[in-house]
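A.B. asks: A predicted structure for the sequence below; I have some questions about it.
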Amino acid sequence: MLVVIHPNPEAASKQAAKIVADQVRRKTNSVLGLSTGNTPLATYAELIRMHREEGLDFSAVTTFNLDEYFGVPRDHPQSFYRHIHENFLDHINAKPENTHIPDGFSSDFAKTCMEYETAIKRAGGIDLQLLGIGRTGHIGFNEPTSSLASRTRLKTLSDETIADNSKISGEIPTISITMGIGTILEARRILLLATGGKKADAVAKALEGPITSSVSASALQMHGDVTVMLDEDAAANLTHRDYYRRVIDQTAKHSPERLGLK
Ligand code: GLP
């Protein structure tokens, strides 16, 4: 796991954007896994800037969003469909037929979930999965006690997640449709972004605690290519901060491409 600690959220977001951009430049038909929430917004803004000013081309890119609220139509102000369109997809040149978001308003959820998994496989699997982390240590909407082998399915939200997300967008549904932890772990590369002191506890448990379904992000310890972008506040509870800094210095020298630096 490459853990990069930045002085502030802006620097973390910009480097995350560089890694995504680098992926898209190296493989123009990359399959990207997208995350919603507040954390990746600055990364999306930077990618939009790169698209407009530097010609970063998403025309052959395919995207899959992690999750959606259950029972929420696409055009609802709280839908993740709207969130990702307004903050990213509407401002780049990805083809609409290549962008995928779980259908939170489907009448047959079992089928919808299965088809989502099939669509990811058909696209060749996810090359780079962007992730945020919830205060409960969840990735996607895989709340504590989610099976580490779970696939795309319906998931009941925890009280903490309902409280956190309601602060951002008002009353929210209590059930979601989310890629499973097993689905996420199949991505070839994972980029986790976390900023702010509220995430410090979840980040420390996920990166340095035991692998447990009580903290679904701890499953990332089993993945061979995870990069974690943090600001100082989110990194505050990590025990091995100095070690991570040394690793990053070495990586920047010897494999700068892993950090989007080349
Ligand atoms: C939601 C999403 C997660 C996201 C998390 C954190 O629960 N399902 O994918 O990572 O919120 O959101 P924020 O970045 O707003 O803190």
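C.D. replies: Looks like it arrived, so ask away. Owing to the predicted nature of the structure, the values given are computational and were not obtained by experimental measurement.

A.B. asks: touching the ligand at all, stretch 79-88?
C.D. replies: No: contact of stretch 79-88 with the ligand (C-beta under 6 Å from any ligand atom) is absent, the minimum separation being 7.7 Å. Any C-beta I mention is one placed from the backbone N, CA and C, and that applies to glycine too.

A.B. asks: flag every buried residue along that stretch.
C.D. replies: Along stretch 79-88, these residues count as buried under the neighbour rule (16 or more other C-beta atoms under 10 Å): 79, 80, 81, 82, 83, 84, 85, 87, 88.

A.B. asks: what is the nearest of these to the ligand?
C.D. replies: Sorting those by how near they are to the ligand, with C-beta to the nearest ligand atom, puts residue 80 at the top with 7.7 Å.

A.B. asks: if I pick the closest one, what's in contact with it?
C.D. replies: In this structure, residue 80 makes contact with 36, 65, 67, 68, 69, 101, 104, judged by C-beta atoms under 8 Å, 6 or more residues apart in numbering.

A.B. asks: one more time with 6 Å
C.D. replies: 36, 68 (C-beta atoms under 6 Å, 6 or more residues apart in numbering).

A.B. asks: check what pLDDT it gets.
C.D. replies: Reading off the confidence values, residue 80 has pLDDT 95.

A.B. asks: how near is it to residue 234?
C.D. replies: Plainly put, residue 80 is 22 Å away from residue 234 if you go by C-beta to C-beta, to the nearest Å.

A.B. asks: and residue 140, by the same measure?
C.D. replies: Between residue 140 and residue 234 the computed distance is 19 Å (C-beta to C-beta).

A.B. asks: dump the residue contacts of the residue of the stretch 101-250 of the chain found nearest the ligand.
C.D. replies: Scanning the stretch 101-250 of the chain for the residue nearest the ligand gives residue 132, at 2.5 Å (criterion: C-beta to the nearest ligand atom). Residue 132 sits next to 35, 37, 39 when contact means C-beta under 6 Å, 6+ apart.

A.B. asks: what is the neighbour count of the last one?
C.D. replies: Read that as residue 39. 24 (other C-beta atoms under 10 Å).
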